[in-house]
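> fold the following and give me the result.
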Amino acid sequence: MKQALLTINLNVNTSKHWDEVYSTKSENEISSFQAYPKTSMGFVALFNLPLDANIIDIGGGDSYFVDALLDKGYRNIYVPDILKKAIDRVKLRLGNRANSVHWIDRHRWYPNIKL
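The predicted structure follows:
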C-alpha cells in the first residue's frame, strides 16, 4: 500500500501578518469575506450529509461556513486554524453556539511551533 505524505509549510511571518489583519480589519475588509458560503454549502447539500457527519473546515478562520452548518443543524464540526485572532472573532460572533464547535487551535495542531 502506498502512503501519502502531507507536508505543511508554516510560515511564521505569514501567521503574524494574518493575526494582525484579523486584529485590525473588519470582516468585510478581508478579501476572502463572503456573507454566505454558497459554494461550500452547495457541496454539503450535494453529498446529502447526515446532520451527525464529521465536517472539518481546515483553516476556517472567521468564515461563515461554520455558522451556516450550525444553522442547518450539523453537530460534528471541526475547525483547525493557526490564526488565533480569526478563531477568536468567529467564537465571539457565534456566542454560545461556539460551544457546539470543536476548535483546534495551533497549539494542538502544531504543538512544537511558537508563534
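> any low-confidence regions in this structure?
Low-confidence segments of the chain, defined by pLDDT under 70, span residues 1-15, 17-19, 21-23, 25-33, 106-115.
> quick one, helices of it?
Residue ranges of the helices in the chain, as given by DSSP state H, are 12-24, 38-46, 65-72, 84-94, 106-109.
> got the contact list for residue 36?
Going by C-beta atoms under 8 Å, 6 or more residues apart in numbering, residue 36 touches 64, 68. Yep, even glycine has a C-beta here, placed from its N, CA and C like the rest.
> got the phi and psi for it?
phi -140, psi 130 (degrees, to the nearest 10).
> so how far is residue 16 from it?
Here residue 36 is placed at a distance of 30 Å from residue 16 (C-beta to C-beta, to the nearest Å).
> and what of residue 35?
27 Å.
> and these two? Which one has more around it.
Neighbours were counted for residue 35 and for residue 16 using other C-beta atoms under 10 Å; residue 16 has more, 12 against 9.
> check the gap between residue 36 and residue 62 for me.
14 Å.
> same thing with residue 98?
Distance, residue 98 to residue 62, by C-beta to C-beta: 11 Å.
> equivalent analysis for residue 70, please.
Distance of residue 70 to residue 62, given as C-beta to C-beta: 14 Å.
> which of the two has more residues huddled nearby?
Neighbour count, other C-beta under 10 Å: between residue 70 and residue 62, residue 62 has more, with 24 against 16.
> sorry, back to before: overlap of the contact sets of residue 98 and residue 62?
Contact criterion C-beta under 8 Å, 6+ apart; residues shared by residue 98 and residue 62: residue 90.
> and residue 45, how many neighbours?
Neighbour count of residue 45, defined by other C-beta under 10 Å: 10.
> tell me who's in contact with it.
Contacts of residue 45 (C-beta under 8 Å, 6+ apart): none.
> roughly how far does it sit from residue 39?
Applying C-beta to C-beta to residue 45 and residue 39 gives a distance of 11 Å.
> got it, and residue 78?
Per C-beta to C-beta, residue 78 is found 19 Å from residue 39.
> which residue of those two possesses the greater neighbour count?
Remark: of residue 78 and residue 39, residue 78 carries more neighbours, 15 against 9, as counted by other C-beta under 10 Å.
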